[in-house]
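Participant: A structural model of the following input is requested.
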Amino acid sequence: MQDKTPNVISVCINGAQQIFEQTISIADLVDSMGLNGKRIAIECNSEIVPRSQFLQRLLADGDKIEVVVAVGGG
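Facilitator: Residues are numbered from 1 along each chain as shown. A predicted model of the protein is given here:
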């Protein structure tokens, strides 16, 4: 019999715990945060994730994510 329990994961994003009902990619996270097209840096578990890996890199339960948005000005 197949398990129908959703793959719920808990991820800490910029210090705040967030729950997702399924595994998502970093690209999905960026999209859900409305940051597409912005100059951002993403760190996952103290490791910088290159933008080229956003689609392939999946979040896992317990991941710690830091999102930094570049702000222009002087």
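Participant: OK, contacts around residue 46?
Facilitator: residue 64 (CB atoms under 8 Å, 6 or more residues apart in numbering). Where C-beta positions appear, they are placed from N, C-alpha and C, glycine not excepted.
Participant: okay, it: pLDDT?
Facilitator: Residue 46 carries a pLDDT value of 96.
Participant: neighbouring strands of the helix or strand encompassing residue 17 in the sheet, and parallel or not?
Facilitator: Assessed by DSSP states H and E, residue 17 sits inside strand 16-20. Strand pairing for strand 16-20, determined by DSSP bridges: strand 9-13 (antiparallel).
Participant: low-confidence ranges in the protein?
Facilitator: Residue ranges of the chain with pLDDT under 70: 1-6, 74.
Participant: that older thread, any residues touching the strand holding residue 17, and which ones?
Facilitator: So strand 16-20 is contacted by 8, 9, 10, 11, 12, 59 (CB under 8 Å, 6+ apart).
Participant: pretty sure residue 59 is touching residue 24, no?
Facilitator: Yes. Using CB atoms under 8 Å, residue 59 is in contact with residue 24, at 5.7 Å.
Participant: give me the more crowded residue out of the two.
Facilitator: residue 59 (21 against 15; other CB atoms under 10 Å).
Participant: before we move on, the earlier item: ok, so of the contacts of strand 16-20, who is nearest residue 40?
Facilitator: Distance to residue 40, by CB to CB, is smallest for residue 59 among those, at 15.6 Å.
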